[in-house]
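Engineer: Sequence plus the predicted model coming up.
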Amino acid sequence: METLLLSKGYHLGKTIGEGTYSKVKEAYSKRLQRKVAIKIINRRTAPKDFIHKFLPRELQIVQHLDHKNIVKVHEIWETDDDKICMVMELAEGGDILEHIKREGPLPEALAKTLFRQLVHAIRYCHDCGIAHRDLKCENTLLDKNFNVKLADFGFAKHLGSGAAELSTTFCGSTAYAAPEVLQGVPHQSVKSDIWSMGIVLYIILCGHLPFDDANIPKMLWLQQNGLVFPQQLLLSRECRDLVGRLLEPDSNLRPLIQEVCFHPWLADT
């Protein structure tokens, strides 16, 4: 692998992420004259469902995404030994969860700046007819200038018949999943993205999850019965209102991304 990458002008560095059938390595690109991230996926060890369903979708989607707050994919190729290499923009600031664990929750003004960038990234996706379906703090990366870079489109899906298309697939992480996803009912993936954004915003502001995901039935009950902010946390009324709207358990009442963009908290500069 290292010889192949060298022949393509990439000098491999340290491993910066590792999953059960993929790893992400830092590398230096001679062509781009900067560091990049290379995701290496092993087709031989990955589940068949992933290889035949999710991976082809991801590869198709990421090559067409072009937004300043989404990790850019420079090139993709397959090796002779069934590995897929995806060369991507390197987000040198790591993910936002790492930052919060290290530094604590963000002040409201900084949270607003970052969350506005995430909103712009998701609006771009939804406007392109793409639902992310795995929004979480670990997929919300930061560049060296502390700007958001949305990553990991492994569960993303093209909405063939528009945003109203219903899905029955459970995707993503339980802690970030909307009630309708956990309940296994047909749902709009774009509305589920909005819920996940609400979880991300809550964690950015509070430093922990709004609902304990250790017990799913209990979590579903908590989701339906009200959101609680830490007593000592001083947040503006507009900020609390937006979090509440994003974490609306009734997906019919939950806003679309276009409405989120015009919420007073985000519109206020």
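Structural biologist: Yes, it's here. Just so you know, these numbers come straight off a predicted model, no measurement behind them.
Engineer: And for residue 76, the neighbour number?
Structural biologist: Close neighbours of residue 76, defined as other CB atoms under 10 Å, add up to 16. All C-beta spots, glycine's among them, are computed from the backbone N, C-alpha and C.
Engineer: no wait, residue 52
Structural biologist: Counted with other CB under 10 Å, residue 52 comes out at 10.
Engineer: From residue 46, how far out is it?
Structural biologist: 10 Å (CB to CB, to the nearest Å).
Engineer: Over to residue 37?
Structural biologist: Going from residue 37 to residue 46 by CB to CB gives 19 Å.
Engineer: How about residue 238?
Structural biologist: Remark: distance between residue 238 and residue 46 (CB to CB) = 44 Å.
Engineer: Looking at the two, which one has more neighbours?
Structural biologist: Neighbour totals were compared for residue 238 and residue 46, and residue 46 leads with 19 against 15 (other CB under 10 Å).
Engineer: so which helix or strand takes in the more buried one?
Structural biologist: Of the helices and strands defined by DSSP states H and E, none includes residue 46.
Engineer: Pull the contacting residues for the spatially closest residue to it that is not a sequence neighbour.
Structural biologist: Excluding its sequence neighbours, the residue lying closest to residue 46 (CB to CB, 6 or more residues apart in numbering) is residue 21, at 4.0 Å. Contacts for residue 21 (CB atoms under 8 Å, 6 or more residues apart in numbering) come out as 41, 42, 45, 46, 47, 50.
Engineer: Tell me the confidence at the third one?
Structural biologist: Spelled out, that is residue 45. Per-residue confidence at residue 45 stands at 89 (pLDDT).
Engineer: List the backbone torsions phi and psi for it.
Structural biologist: Reported as degrees, to the nearest 10, the phi and psi values for residue 45 are phi -100, psi -10.
Engineer: residues in contact with the strand or helix carrying residue 218?
Structural biologist: Using DSSP H and E, residue 218 maps to helix 216-224. With contacts defined as CB under 8 Å, 6+ apart, helix 216-224 is touched by 174, 179, 182, 183, 211, 212, 213, 247, 249.
Engineer: Go through the residues you listed and single out the one with the most neighbours.
Structural biologist: residue 247 (23 neighbours).
Engineer: That residue reaches residue 202, doesn't it?
Structural biologist: Yes - if you go by CB atoms under 8 Å, residue 247 and residue 202 touch, sitting 7.2 Å apart.
Engineer: on contacts alone, who are the packing partners of the helix or strand bottoming out on mean pLDDT in the chain?
Structural biologist: Least confident helix or strand of the chain, by mean pLDDT, DSSP states H and E, is strand 166-167 with a mean of 76. Applying 3 or more CB pairs under 8 Å, 6 or more residues apart in numbering; DSSP states H and E, one finds that strand 166-167 contacts strand 187-188.
Engineer: Give me the helices and strands touching the strand it packs on, please.
Structural biologist: Judged by 3+ CB pairs under 8 Å, 6+ apart, strand 187-188 is in contact with strand 166-167.
Engineer: With only the CA atoms kept, save whichever helix or strand comes after the strand it packs on in PDB.
Structural biologist: The helix or strand immediately downstream of strand 166-167 is helix 179-182, counting by DSSP H and E. The C-alpha trace of helix 179-182 is given here as PDB (Å, rounded to 0.1, in the frame of the first residue of the first chain):
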ATOM      1  CA  PRO A 179     -37.700   9.200  17.800                       C
ATOM      2  CA  GLU A 180     -39.200   8.100  14.500                       C
ATOM      3  CA  VAL A 181     -36.000   6.400  13.500                       C
ATOM      4  CA  LEU A 182     -35.700   4.600  16.900                       C
END
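Engineer: Whichever strand or helix holds residue 197 to helix 216-224, inter-axis angle?
Structural biologist: Applying DSSP H and E as the criterion places residue 197 in helix 189-206. Counting by axes from the mean of the first three to the mean of the last three CA atoms, to 10 degrees, helix 189-206 lies at 80 degrees to helix 216-224.
Engineer: Mind giving me the packing neighbours of helix 189-206?
Structural biologist: With 3+ CB pairs under 8 Å, 6+ apart as the test, helix 189-206 has helix 96-103, helix 108-127, strand 130-131, helix 179-182, helix 237-246, helix 257-261 packed against it.
Engineer: of all these, which gets the most neighbours per residue?
Structural biologist: strand 130-131 (a mean of 24; mean count of other CB atoms under 10 Å).
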